[in-house]
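# show me the folded form of this:
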Amino acid sequence: MSRPHHSLGDLARYGAALAGTAGSSGAQFVLTLALLGRMPPADFARFSFLMIVSQLVWGLGGALFSAPLASLLAHPDSTRAQISSQAVVRLQPLFALVCALLSLAVALLIGAKLAESLVYAVLVAAGGIRQFLRVAGYSENRQTRIVGSDLLYTACVLTLTTTLTLLHRQDLHLVLGILMAGHLLGLLPLLRLLPQALAQGPTRACLGEYRRIWREGAAWSLIGLIATETTGNAHSYIVTAIAGPGGFAAVAASTVLSKPGTVALNALSELERARMARLCGPGDRARLIATRRLFRAVALAGWLATVGLTWAALHGWPHLLFHDQYDLHALRVAGWLWTTAMLIRCLYLPEAVEMQARGAFSDLAWPRILGAPLSLAGSLLLVLMAPPEWTILAICLGEGLSALLLLRAHGRVVARQQGARQQGEPA
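Here you go, the predicted model:
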């Protein structure tokens, strides 16, 4: 009788985690749809490019701070882990400030006005801190605060999007301001998670402690993130550089359909990273395997929902979303290639998150490092030989190679750590 109760508990845990995240994703989806039907394709491509850059910045924060923190907080009784986690927490706001300044420079570089760039910089900083505190909340099993943060973000974005639509405005600074306000409001329930550490700020001792964290895994986590960005978004930078915003328009518009699924996968990763870190010890192998299987099943269910949305938007009622300035054939090619890339990610994501939880950052980085050149070279060739939307095929190829290598690496990591544990050695 215990197994069904355990399964229902897991499903309830997923439901609670995804309830707020689904709202956040849905709110941003509504905002994007409002822009998609009214913004000229080139302008929408510029907005989408800024969002890609913000995701890259938040990914850097995840690699350098969130992933190490989740691994450290899985060992709350360890004095060393406590010292290291405090160092990570105190340094993260400084990192957010640096990212805000860099984001300001990027926005100005692509021609945004100063007001738009300032709003974008605050958006990036607030979003990065919020993401970090979400990971801390999952690690400390405080999902209620995380759901509260997501609900506040959702309410803010939906309310302001409705207002913007009624006023028939699509100014970039107002659009970015909506997302900025959502992240700032969403921070309120999370700031109490680690108040003392956030207030004390970084010290020289923190920098020294982080150097040890860097050597033990954060460096490899960063390398993996860079390789992941190359594998997954190389086409965005290449197409924009070679074909301009107009060439990137169909690619940018088609990502709207897979965005809710992508956000859900990221939320599942945050949730399961902390849980898997607690289950990687001896005696929990069966529960870890069950968690991995359920993780993959939920991810594939999200993918099936994305398939249905893609078909409805691109074949059933395409003119409800996309106006006549878009090439419908290009949208269809890009949309189905994105669903293929998402399927590949669903197949390997549980193992990738588990490897993060185990602290196997170098083993996780190598599959990405080896897959990145295929995506990069493929994108360069395809943008010169075919319409821009076909560059997503190179992303699928890079993701596929990385997936095969990562699944093999996962088996080696598990066997190595189990063998080391049996011999009483550090894994």
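
# what strand or helix carries the residue nearest to the spatial centre of the chain?
Nearest to the mean C-alpha position of the chain, by C-alpha atoms, centre = their mean, lies Asn266 at 4.8 Å. In this assignment (DSSP states H and E), Asn266 forms part of helix 219-279.

# I'd like the distance from that helix to the chain centre, please.
Remark: helix 219-279 is offset 6 Å from the chain centroid, using C-alpha atoms, centre = their mean, to the nearest Å.

# before we move on, what about stretch 302-320?
Counting by C-alpha atoms, centre = their mean, stretch 302-320 comes out at 22 Å from the chain centroid.

# what about the closest residue to Ala409 other than its chain neighbours, neighbour count?
Using C-beta to C-beta, 6 or more residues apart in numbering and skipping residues adjacent in sequence, the residue nearest Ala409 is Asp363, 4.8 Å away. In this view, the C-beta of every residue, glycine as well, is placed from N, C-alpha and C. Burial of Asp363 is recorded as 18 neighbouring residues (other C-beta atoms under 10 Å).

# try Leu101
11.

# ok, the residue nearest to Ala409 touching Ala415?
No: in this structure Asp363 lies outside contact range of Ala415 using C-beta atoms under 8 Å: 11.5 Å.

# quick one: low-confidence parts of this protein?
1-22, 70-71, 73-83, 138-141, 193-203, 244-246, 281-283, 422, 424-427 (pLDDT under 70).

# strands of that one, start to end?
Applying DSSP state E to the chain gives no strands.

# what ranges does it have for its helices?
2-36, 41-61, 67-73, 79-109, 114-139, 143-166, 172-187, 195-200, 204-213, 219-279, 285-311, 328-357, 361-385, 391-422 (DSSP state H).

# most tightly surrounded among those helices?
The highest average neighbour count among these, using mean count of other C-beta atoms under 10 Å, belongs to helix 67-73 at a mean of 25.

# how about the contacts made by Leu300?
Cys346 (C-beta atoms under 8 Å, 6 or more residues apart in numbering).

# now do it against Tyr348, distance only.
12 Å (C-beta to C-beta, to the nearest Å).

# ok, Arg408 next?
Arg408 sits 11 Å away from Tyr348, going by C-beta to C-beta.

# how about Leu187?
From Leu187 to Tyr348 the distance is 32 Å (C-beta to C-beta).

# touching, Ala45 and Phe248? I think so.
Yes: counting by C-beta under 8 Å, Ala45 touches Phe248, with 4.4 Å between them.

# so what sits against both of the two?
What both Ala45 and Phe248 touch, as defined by C-beta under 8 Å, 6+ apart, is the set Thr240.

# residue contacts, the closest residue to Gly61 other than its chain neighbours?
Nearest residue to Gly61, sequence neighbours excluded (C-beta to C-beta, 6+ apart): Gly128, at 4.6 Å. Neighbouring residues of Gly128 by C-beta under 8 Å, 6+ apart: Val57, Trp58, Gly61, Gln92, Phe95, Ala96, Cys99.

# repeat for Arg296
Cys346, Leu347, Leu349, Pro350 are the contacts of Arg296 under C-beta under 8 Å, 6+ apart.

# which residues touch the last one?
Applying C-beta under 8 Å, 6+ apart, we find Pro350 in contact with Glu272, Arg292, Arg293, Phe295, Arg296, Ala299.

# equivalent analysis for the second one, please.
Contact criterion C-beta under 8 Å, 6+ apart gives Arg296, Ala403 as the residues in contact with Leu347.

# His319 is nearest to which of the helices of the chain?
helix 328-357 (8.8 Å; C-beta to C-beta).

# straight-line length of stretch 101-117, end to end?
With C-alpha to C-alpha, to the nearest Å applied, stretch 101-117 spans 10 Å between its terminal residues.

# next one: it to chain centre, how far?
Taking mean C-alpha positions (C-alpha atoms, centre = their mean), stretch 101-117 and its chain are 22 Å apart.

# over to stretch 325-337?
24 Å.
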